[in-house]
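In: structure for the following, please:
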Amino acid sequence: MVDDSQLEQRLQGIGMTSARTRKRMVERLFVQGIRDTKVLDVMMSIPRHIFLDEAMSHRAYEDASLPIGFNQTLSQPYTVARMTELLLKDGPLNSVLEIGTGSGYQTSVLSKLVEQVHSVERIKALQDKARQRLKLLDCYNISFRCHDGGMGWKDKGPFDGIISTAAPEVIPDDLKHQLVLGGRLVIPVGVAGEQELHVVTRHEDYFDDCVIEPVAFVPLLPGVIR
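Out: Residues are numbered from 1 along each chain as shown. Next comes the predicted model:
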């Protein structure tokens, strides 16, 4: 049983998981071109190390993607910051759909920046663990669903924004059509080794698709693992 003092120490971190190390990560993000101060402030405030198993926590603030089990990864800090910055480029959002809860780290960042997060994950064990971590951080504006991410979450839509932490070979129509007019979808697209980050904006009679930069993500797979 972890008491309050032990929990507080875990959240604060020490050594390679300390606030000082987190500050260096944020400073590096600024050098890499992240300019949204709200995104940087939120990433400074969130203990990224609790979203990894203890054996990996000392690497939490490296500029690298890290394994979280089930052949999934926690995206590198730059990627999380960049995608969040792109999602929020036109200002605050009320309702956001996240495809791929994963470890819950991207979910936690979103929860501090938007009114409501709806997070879909196909691997139930991952999402269950993410729920526990997010509860520790008092992230209560999140709804969860274990479901095929490529189908989105139509009953909760339409969404002001959608962000995907896994890459389809082709952008699913279901996701595009769950955006409000003017809403944007931030998503990696392509096969392994040939992926690019896209921002899709919905207009009245067409979708604008802008390619941002090369990326590397796990594939967006169909089905559910319970």
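
In: after the least confident helix or strand in the chain by mean pLDDT, which helix or strand is next?
Out: Across the helices and strands of the chain, mean confidence by mean pLDDT, DSSP states H and E is lowest for helix 4-12: a mean of 59. Using DSSP states H and E, the helix or strand that follows helix 4-12 in sequence is helix 19-31.

In: who does that following helix touch, helix- and strand-wise?
Out: Contacts defined by 3 or more Cβ pairs under 8 Å, 6 or more residues apart in numbering; DSSP states H and E place helix 19-31 against helix 37-45, helix 77-87. (Glycine included, C-beta is placed from N, CA and C.)

In: next, the angle from it to helix 77-87.
Out: 60 degrees (axes from the mean of the first three to the mean of the last three Cα atoms, to 10 degrees).

In: list the buried ones in helix 19-31?
Out: 21-22, 25-26, 28-29 (16 or more other Cβ atoms under 10 Å).

In: so where does Val211 fall, helix or strand?
Out: Using DSSP H and E, Val211 falls within strand 207-215.

In: contacts for that strand?
Out: Applying Cβ atoms under 8 Å, 6 or more residues apart in numbering, the contact partners of strand 207-215 are 79, 82, 86, 167, 171, 176, 188, 195-201.

In: residue ranges with poor pLDDT in the chain?
Out: Scanning the chain with the threshold set as pLDDT under 70 gives 1-10, 13-15.

In: at 50 instead, please
Out: Applying pLDDT under 50 to the chain flags the ranges 1-2.

In: grab the longest strand from it for me.
Out: Using DSSP state E to assign secondary structure, the strand with the most residues in the chain is strand 179-189.

In: ok, that strand: who's next to it in the sheet?
Out: Neighbouring strands of strand 179-189 in its sheet, by DSSP bridges, are strand 159-164 (parallel), strand 195-202 (antiparallel).

In: only alpha carbons, please: show that strand as CSV.
Out: The C-alpha trace of strand 179-189 is given here as CSV (Å, rounded to 0.1, in the frame of the first residue of the first chain):
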residue,chain,number,x,y,z
LEU,A,179,-15.0,16.6,-37.3
VAL,A,180,-17.1,19.8,-37.0
LEU,A,181,-16.8,22.3,-39.8
GLY,A,182,-13.4,24.0,-39.2
GLY,A,183,-12.2,21.1,-37.0
ARG,A,184,-8.8,19.5,-37.5
LEU,A,185,-7.4,16.0,-37.5
VAL,A,186,-3.8,15.5,-36.6
ILE,A,187,-2.7,12.1,-37.7
PRO,A,188,0.4,10.2,-38.9
VAL,A,189,-0.2,8.4,-42.2
